[in-house]
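Attaching a predicted model along with its sequence, questions to come.
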Amino acid sequence: MVSLSTRQECNAVRYRPGGGQGHYESYFQRANHPGRPLAFWIRYTIFSPRRQPNAAAGELWAVYFDGEAKKITATRDVFPIERCRFSPDGLDVNIAGATLSDGVLAGSASGPDGGIVWDLRFEGGQEPLLLLPRKFYDGSFPKAKSLVGTPNAHYSGRLLVGNQEVDVSDRMGSQNHNWGKRHTDHYAWGQVAGFDNNPDAFLELSTARVRIGPLWTPFFTLVVLRVEGQTYAFNGLWRAILARGHFKNFHWKFSTADANASIEGHIEATP
């Protein structure tokens, strides 16, 4: 059992070449401008189709959100797995020359509206945050695992979005790692890196259900909040079933509680 107590353990690759059960794994980085509707999302991904291990590939995704111009620039490139390298010892990724390591990422991806080039640094002192209870990371359930290697990461550097150079200065976000044998069938996922009234707080949550044969499970709602150095994990199996979570289109309401604390919230977005 890996302890998951350090950032290196949390970011160690789970992919094993040659496996036929199917596997996906992503390292993704995201951050927002502190006062403007600007954000980026960059993902380094492994995808190995079920029963087709020789078709495994590495993918680079990058998206830039410009709410002022009402424009989203999305990019994606796919490469043979032979052009990729991942580490079982920590965060050390190379996909066709695009790199990601502890505190540094650089690369590029192409798209129909122009490419995105990134050269970024990030740092953060908070401990990793686990969305699931620790024991679930070793078992077969759920088939999708997710954690935050660096909550409240501060990003700096530069992006080139098409022909537009974007200065990235102290943008708050996170460094994340997820993997599994299949994606969750129906879910909403959310994350807040710093609240207006508490910039050091961090929230991650998900409302989800899975299909088992012709049937659907009930919705599970997992919520983990870190505030003022305390982590409130509302993520036990029965707690997740008893929690309330409902989402439709761009509106999501949730609430949960245990013997010591309770939390409720509403997340919405404008299409």
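Looks like it came in fine. Numbers count the residues shown, from 1 in each chain.

can you confirm Trp238 is in a strand?
No. Counting by DSSP: H, G, I helix; E, B strand; the rest coil, Trp238 is located in no strand; its state is helix.

I'd like to know how far it sits from Ala201.
26 Å (CB to CB, to the nearest Å). Placement of C-beta: from N, CA and C, glycine included.

Please apply the same query to Phe247.
For Phe247, the distance to Ala201 - CB to CB - is 22 Å.

ok, back up a step: who's more crowded, Trp238 and Ala201?
Higher neighbour count among Trp238 and Ala201: Ala201, with 17 against 7, using other CB atoms under 10 Å.

Would you confirm that that one contacts Leu225?
Yes. Counting by CB atoms under 8 Å, Leu225 is a contact partner of Ala201 at 7.1 Å.

and the residue most central in space within the chain, what helix or strand is that in?
By CA atoms, centre = their mean, the chain has its centre lying nearest to Asn176, at 4.3 Å. Using DSSP states H and E, the element containing Asn176 is strand 164-180.

Now the element after that strand, going C-ward?
Following strand 164-180 in sequence, per DSSP H and E, is strand 186-195.

Quick check: can you name the pairing partners of the helix or strand following that following strand and their directions?
The helix or strand immediately downstream of strand 186-195 is strand 198-209, counting by DSSP H and E. Strand pairing for strand 198-209, using DSSP bridges, gives strand 186-195 (antiparallel), strand 220-227 (antiparallel).

out of those strands, nearest to Gly19?
strand 186-195 (24.4 Å; CB to CB).

May I have the closest one exported as CSV, CA atoms only?
What follows is strand 186-195, C-alpha atoms only, in CSV (Å, rounded to 0.1, in the frame of the first residue of the first chain):
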residue,chain,number,x,y,z
HIS,A,186,-22.5,10.5,-15.0
TYR,A,187,-21.0,13.2,-12.8
ALA,A,188,-20.3,16.8,-11.9
TRP,A,189,-17.0,17.8,-10.5
GLY,A,190,-16.0,21.1,-8.9
GLN,A,191,-13.0,22.8,-7.3
VAL,A,192,-12.4,26.1,-5.7
ALA,A,193,-8.8,27.2,-5.1
GLY,A,194,-9.1,30.2,-2.7
PHE,A,195,-12.4,31.9,-1.7
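
Leu131 is in contact with Thr207, isn't it?
No. Counting by CB under 8 Å, Leu131 stays clear of Thr207, with 12.0 Å between them.

What residues sit buried inside the one helix or strand Val78 maps to?
Assigned by DSSP H and E, Val78 belongs to strand 71-80. Across strand 71-80, burial judged by 16 or more other CB atoms under 10 Å covers 73, 75, 77.

so where's this structure uncertain?
Along the chain, the parts satisfying pLDDT under 70 run over 1-3.

which helices and strands does the strand holding Val78 pack with?
strand 57-66, strand 104-109 (3 or more CB pairs under 8 Å, 6 or more residues apart in numbering; DSSP states H and E).

winner for burial among the ones you listed?
Comparing the helices and strands packed on strand 71-80 by mean neighbour count (mean count of other CB atoms under 10 Å), strand 57-66 ranks first with a mean of 21.
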